[in-house]
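Trainee: sequence-free structure coming up:
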């Protein structure tokens with residue numbers, strides 16, 4: 001186990017620790033859809049709450065990964081390089097730099113808002129890498145550009161994969177290493193990089209081309225979580241309007257067939273080992289095959305729902321088990337809190353007593369729209385979109401109300417557009 005980056009404790013921890021806030025999975029992009037409320041406006045609303053309780057010290061904001069979504073940029077499709085190619089390739093690095101620069105320019109008001117608080121001495125930034133921004137670890141120019149945009153400090157900076165906050169008895173990591181779809185044992189590109197670009201990014205434009213016109217919210221495919229639920233979301237498009245079933249099935253089936261023929265995908269499928277009673281390669285293939293062709297037309301098909309439940313149970317259990325293992329490990333002695341995100345679904349789970357202290361696992365959720373999966377009366381998976389804003393805050397040691405931490409989660413469901421007659 002590699003040693004984590006540690007933010008050193010202060011001399012009198014209880015009285016001088018700063019406010020510490022955790023957020024994650026904002027997924028800023030250079031081209032894809034944007035939220036109903038601009039990011040800059042969202043941050044200013046968020047900061048108004050921070051300012052009332054941060055005390056005399058600067059608040060510290062830890063971004064637990066996936067702040068910028070490099071993997072799913074359509075920019076990759078306009079050149080020969082892919083996010084799952086060798087990150088040392090100069091062409092790959094140049095594409096990363098281009099995506100990050102375009103994202104910073106697109107979200108200028110958001111970065112201006114963050115940087116203004118840092119330069120005023122009111123805020124400090126910590127950045128942990130996730131899976132959608134993992135390529136930042138191989139791109140020093142992109143890291144420098146992002147750090148300058150957030151802080152105004154034009155300097156080389158490393159983004160760790162884990163940080164220990166000794167003042168707050170907490171350790172933060174993105175958590176994707178517990179998801180066999182979004183991580184690999186050897187640190188190479190995961191299947192999610194290929195899935196995200198070759199299926200999710202391609203699908204909206206391919207369906208538009210097939211139909212000859214646009215569909216509302218088609219780009220929302222990028223907000224479907226968890227990743228393995230995308231096939232069910234595709235099916236729901238067809239179920240909603242029967243005249244779309246044929247074109248949706250045709251386009252998705254063609255993309256799936258092409259995806260399964262990509263050499264990197266074949267290598268991944270063959271390399272997977274059994275995890276918690278599941279064979280990842282065959283299971284993922286089953287999910288994809290169940291979402292294609294004639295099977296898509298069976299509205300009451302319950303097999304996808306059962307597979308989703310099986311996958312989700314494995315993932316949830318794995319995240320909590322890894323949290324307990326971490327707190328029991330000598331490298332993390334004395335810590336009480338493990339903070340992850342990745343799934344986009346906020347949660348707080350007590351882990352019992354570890355080393356004589358009550359402990360807890362947090363999922364810091366997201367600030368994006370999430371198409372949350374549920375189950376239709378017929379048994380098939382179904383979805384509801386909601387704009388989410390979640391964060392976890394540890395208060396200063398001398399906080400007047402005596403609060404240690406708070407877990408906040410909120411969701412906004414937009415009004416449905418009026419039907420056109």
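Mentor: It's in. Note that the structure is predicted; figures quoted are calculated from it, not measured. Numbering: from 1, shown residues only.

Trainee: ok, which stretches of the stretch 301-421 of the chain are strands?
Mentor: Taking DSSP state E, counting those that start in this stretch as the test, the strands found in the stretch 301-421 of the chain are 337-340, 347-354, 357-363, 369-375, 381-394, 405-412.

Trainee: of the ones you listed, which is nearest residue 44?
Mentor: Taking Cβ to Cβ, strand 381-394 is the member of the strands of the stretch 301-421 of the chain nearest to residue 44, at 13.0 Å. Heads up, the C-betas are built off the backbone N, CA and C, glycines and all.

Trainee: show me what counts as buried in the closest one.
Mentor: Neighbour counts over strand 381-394 (16 or more other Cβ atoms under 10 Å) mark 381-383, 385, 387-394 as buried.

Trainee: what strands line up against that strand, and which way round?
Mentor: Strand 381-394 pairs in its sheet with strand 20-23 (antiparallel), strand 369-375 (antiparallel), strand 405-412 (antiparallel), by DSSP bridges.

Trainee: tell me which residues of the second one come out buried.
Mentor: Judged by neighbour count using 16+ other Cβ under 10 Å, the buried positions of strand 369-375 are 369-373.

Trainee: quick check, nearest of these to residue 245?
Mentor: Nearest to residue 245 among these, with distances taken as Cβ to Cβ, is residue 371, at 19.4 Å.

Trainee: thinking again about what came up before, tell me the one of the buried residues of strand 369-375 nearest residue 284?
Mentor: Using Cβ to Cβ, these come closest to residue 284 at residue 373, 16.6 Å.

Trainee: tell me the secondary structure at the closest residue to the closest one other than its chain neighbours.
Mentor: Closest residue to residue 373 apart from its sequence neighbours, by Cβ to Cβ, 6 or more residues apart in numbering: residue 229 at 4.9 Å. With DSSP: H, G, I helix; E, B strand; the rest coil as the basis, residue 229 sits in helix.

Trainee: based on its surroundings, how many neighbours for residue 229?
Mentor: Residue 229 has 21 neighbours, counted by other Cβ atoms under 10 Å.

Trainee: is it true that it touches residue 372?
Mentor: No. Here residue 229 lies out of contact with residue 372, judged by Cβ atoms under 8 Å, at a distance of 9.4 Å.

Trainee: and the next helix or strand past the strand or helix carrying residue 255?
Mentor: According to DSSP states H and E, residue 255 maps onto helix 245-260. Sequence order places helix 263-271 as the next helix or strand after helix 245-260, per DSSP H and E.

Trainee: that following helix vs helix 245-260, what angle?
Mentor: 80 degrees (axes from the mean of the first three to the mean of the last three Cα atoms, to 10 degrees).

Trainee: and the pLDDT at residue 370?
Mentor: If you check residue 370, the pLDDT there is 78.

Trainee: I should have written residue 134 there, sorry.
Mentor: 93.

Trainee: and for residue 232?
Mentor: Taking residue 232 on its own, its pLDDT is 73.

Trainee: same thing with residue 201?
Mentor: pLDDT at residue 201 comes out at 90.

Trainee: and the buried residues of strand 381-394, which is the shakiest by pLDDT?
Mentor: residue 381 (69).

Trainee: one step back: packing partners of the helix holding residue 255?
Mentor: helix 202-211, helix 230-240, helix 280-290 (3 or more Cβ pairs under 8 Å, 6 or more residues apart in numbering; DSSP states H and E).

Trainee: ok, 6 Å please
Mentor: Packing partners of helix 245-260 (3 or more Cβ pairs under 6 Å, 6 or more residues apart in numbering; DSSP states H and E): helix 202-211, helix 230-240.

Trainee: quick check: angle from that helix to helix 202-211?
Mentor: 140 degrees.

Trainee: mind listing what's buried in stretch 112-127?
Mentor: Neighbour-count burial for stretch 112-127 [16+ other Cβ under 10 Å]: 113-115, 117-118, 123-127.

Trainee: again, but for stretch 32-50
Mentor: Those would be 32, 35, 39-40, 42-43, 46-47, 50, for stretch 32-50 by 16+ other Cβ under 10 Å.

Trainee: pLDDT (mean, whole number) over that stretch?
Mentor: 88.

Trainee: what about it, distance to the chain center?
Mentor: How far stretch 32-50 lies from its chain's middle: 17 Å, per Cα atoms, centre = their mean, to the nearest Å.

Trainee: contact partners of it?
Mentor: 59, 107, 109-110, 113, 219, 222, 387, 414 (Cβ atoms under 6 Å, 6 or more residues apart in numbering).

Trainee: ok, now with 8 Å
Mentor: 19, 21, 26, 28, 59, 69, 72-74, 107, 109-110, 112-114, 117, 201, 219-220, 222-223, 367-369, 387, 389, 391, 393, 412, 414 (Cβ atoms under 8 Å, 6 or more residues apart in numbering).

Trainee: roughly how far apart are residue 19 and residue 161?
Mentor: 24 Å (Cβ to Cβ, to the nearest Å).

Trainee: of these two, which one has the most company?
Mentor: residue 19 (22 against 18).

Trainee: hmm, the more buried one is touching residue 60, no?
Mentor: Yes. Counting by Cβ under 8 Å, residue 60 is a contact partner of residue 19 at 6.9 Å.

Trainee: in this protein, which helix or strand is least confident?
Mentor: Across the helices and strands of the chain, the lowest-confidence element by mean pLDDT, DSSP states H and E is helix 13-16, at a mean of 60.
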